[in-house]
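Asker: just the structure for this:
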Amino acid sequence: MTSSSDSTPETAPTTASHVRRPLRPLTARERHEAHRVATALELFFDLCFVVAVAQAGVQLVHAVVEGRAGHGILNYAMAFFAIWWAWMNFSWFASAYDNDDVLYRLVTLVQIAGVLVLAAGISRAFTQHDFFLVWLGYVIMRLAMASQWLRAARWAEGAERRMARRYAMGVLLCQVGWLGLVLLPEPARPWVFLVMVIAELSVPLIAERAYATSWHPHHIAERYGLFTIIVLGETIAAATIAVKSAADEHKALGELLPIAAGGLLIVFSAWWIYFVVPIHGHLRSNRESFLWGYGHYVILASAAAIGAGLEVAVEQAVDKTHLSALAASAAVTLPTALYLLTVWALHSRYFKVGIAQQTVLPTTALLVICCTFLGDWAVFAAGIVSALSVAAGVALTGRKTAGRGAGRSAEQAA
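Answerer: Numbers count the residues shown, from 1 in each chain. Have a look, this model is predicted:
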């Protein structure tokens, strides 16, 4: 993957016309710019954000294993929203305004520092209900984001300038609201979270009501795809470490191999299902893109939760937790089913033709949930079902393509 800013050949002469100034105007890029790809800075940004995703997953595992699943899921949802929303805001801003100058890079590195502070505070939020470090990291990220919008407003005019200022004001006002997680008593915090989620999601809708940013459809699709890959990779890494640790301590390969094999099949299928469709062709307007982009909170959170669920299943298999086999299996099958349903609803169904293609993923999700009741073989069975859904999708697509080809041949022969 190459950066759009690194597209100049190395052999190009270093004349004055090729020297880029350290500071440049932060103006909107072309919506249909050719060869628009993710930059090295964006890839680095994603990798650093996955540190926070991993921390949230680890704490979710601890909560479920200790029998505090409800509490753990709530805290996981809150922490993951902070991670995902900061990542998403940066990604859409970068798609429209990234000029890759020195100041832009420095502000982006500040945002990365903020997510690392947030990651450091996730364990305290789960175990001690102390959200100060999470809030502080979020403040660092979001203040940096507001400064980017104000910089964009400086170089814009008319409706575009008003849009950029609305974004900056919305981001800053929401930061005041998030103080409730630090100052208010614990019973009020879920309500604060709910209100602030609605407020945060409303900022782009309000800011862009009269002027839409010039985000790049192909670039946005690539950015989401890359982050999905990294989250799925983190899922595999977490499950691998859990299996290795359990095997080293308990030598229970017979119990662990079905979980490892099923987990791999689930993650491989999750990757295949997500990337089988060219989603950038669907992202034509803000109305379509907002729903698709917002819905990825569930897609990414459930993908990361699959890894946490696999760790829980491993812990149960080697008797390191008092959870039942049913509860441990559900920790894998429920996020898997949620992932399949959400990918179908937001991502895949636009490219499915006919009732057979449309029902593959919803049916697979239902069958994966049914696998929950298969005891020690639940994860392996869920993996087999997921892999079969991929095979069914490929077969149905091939049949449809073959039918079209036969029809064209008959027309040409006539």
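Asker: low-confidence bits of the stretch 251-400 of the chain, can you list those?
Answerer: 251, 400 (pLDDT under 70).
Asker: other SSEs contacting the helix or strand harbouring residue 247?
Answerer: Using DSSP states H and E, the element containing residue 247 is helix 217-250. Helix 217-250 sits against helix 40-65, helix 69-97, helix 253-275, helix 286-317, with contacts defined as 3 or more Cβ pairs under 8 Å, 6 or more residues apart in numbering; DSSP states H and E. Backbone N, C-alpha and C define where each C-beta goes, glycine included.
Asker: any idea how far residue 378 is from the spatially most central residue of the chain?
Answerer: Centroid-nearest residue in the chain, with Cα atoms, centre = their mean: residue 300, separated by 3.6 Å. Noted for residue 300: a distance of 24 Å to residue 378, by Cβ to Cβ, to the nearest Å.
Asker: got it, and residue 46?
Answerer: 32 Å.
Asker: how many residues are close by the closest residue to residue 57 other than its chain neighbours?
Answerer: In space, and not counting its chain neighbours, residue 57 is closest to residue 308: 4.5 Å by Cβ to Cβ, 6 or more residues apart in numbering. Using other Cβ atoms under 10 Å as the criterion, residue 308 is surrounded by 29 other residues.
Asker: residue 308 against residue 61, yeah?
Answerer: Yes: at 4.8 Å, residue 308 counts as touching residue 61 under the criterion of Cβ atoms under 8 Å.
Asker: now stretch 359-378: buried residues?
Answerer: Buried residues in stretch 359-378, counting neighbours by 16 or more other Cβ atoms under 10 Å, are found at 360-361, 364-365, 367-369, 371-372, 374, 376, 378.
Asker: between the two ends of it, how far is it?
Answerer: 22 Å (Cα to Cα, to the nearest Å).
Asker: which residues touch that stretch?
Answerer: 255, 258, 262, 273, 313, 317, 325-326, 329-330, 332-334, 336-338, 340-341, 343-344, 348, 352, 379, 381-382, 385-386, 388-389, 392-393, 396 (Cβ atoms under 8 Å, 6 or more residues apart in numbering).
Asker: burial count for the nearest residue to residue 119 once chain neighbours are set aside?
Answerer: Distances taken as Cβ to Cβ, 6+ apart place residue 52 nearest to residue 119, at 3.8 Å, with adjacent residues excluded. Other residues near residue 52 number 27, with proximity taken as other Cβ under 10 Å.
Asker: who are the neighbours in contact with residue 52?
Answerer: Neighbour list for residue 52: 79, 83, 115-116, 118-119, 122 [criterion: Cβ under 8 Å, 6+ apart].
Asker: residue 332 now?
Answerer: Contacts of residue 332 (Cβ under 8 Å, 6+ apart): 262-263, 266, 306, 309-310, 312-313, 378-379, 382.
Asker: tell me the phi and psi of it?
Answerer: Main-chain dihedrals, residue 332, degrees, to the nearest 10: phi -100, psi -50.
Asker: show the contacting residues for the nearest residue to it once chain neighbours are set aside.
Answerer: Spatial nearest neighbour of residue 332, excluding adjacent residues (Cβ to Cβ, 6+ apart): residue 309 at 3.8 Å. Neighbour list for residue 309: 331-336 [criterion: Cβ under 8 Å, 6+ apart].
Asker: so residue 276 makes contact with residue 348?
Answerer: Yes: assessed by Cβ under 8 Å, residue 276 is found in contact with residue 348 at 7.4 Å.
Asker: and the two? Which one has more around it.
Answerer: residue 348 (21 against 16).
Asker: roughly how far apart are that one and residue 377?
Answerer: Taken as Cβ to Cβ, the span from residue 348 to residue 377 is 28 Å.
Asker: so residue 321, which state does it fall into?
Answerer: coil (DSSP: H, G, I helix; E, B strand; the rest coil).
Asker: residue 67 too?
Answerer: coil.
Asker: tally of neighbours for residue 281?
Answerer: With other Cβ under 10 Å as criterion, residue 281 counts 12.
Asker: show me the contacts for it.
Answerer: By Cβ under 8 Å, 6+ apart, the contact list for residue 281 reads residue 217.
Asker: again, only this time at 7 Å
Answerer: Taking Cβ atoms under 7 Å, 6 or more residues apart in numbering, we find residue 281 in contact with no residue.
Asker: kindly report the same for residue 166.
Answerer: By Cβ under 7 Å, 6+ apart, the neighbours of residue 166 are 206-207.
Asker: helix, strand or coil for it?
Answerer: Residue 166 ends up helix, using three-state DSSP.
Asker: so what's the residue lying closest to the residue nearest to the centre of the chain once chain neighbours are set aside up against?
Answerer: Excluding its sequence neighbours, the residue lying closest to residue 300 (Cβ to Cβ, 6+ apart) is residue 231, at 5.5 Å. Taking Cβ under 7 Å, 6+ apart, we find residue 231 in contact with 50, 53, 300, 303-304.
Asker: same thing but at 10 Å, please
Answerer: Under the criterion of Cβ atoms under 10 Å, 6 or more residues apart in numbering, the neighbours of residue 231 are 46, 49-50, 53-54, 57, 84, 270, 299-307.
Asker: try residue 343
Answerer: Residue 343 neighbours (Cβ under 10 Å, 6+ apart): 228, 270, 273-274, 276-277, 295-296, 298-299, 302-303, 349, 361, 365.
Asker: drop anything exposed from the residues you listed.
Answerer: 228, 270, 273-274, 276-277, 296, 298-299, 302-303, 361, 365.
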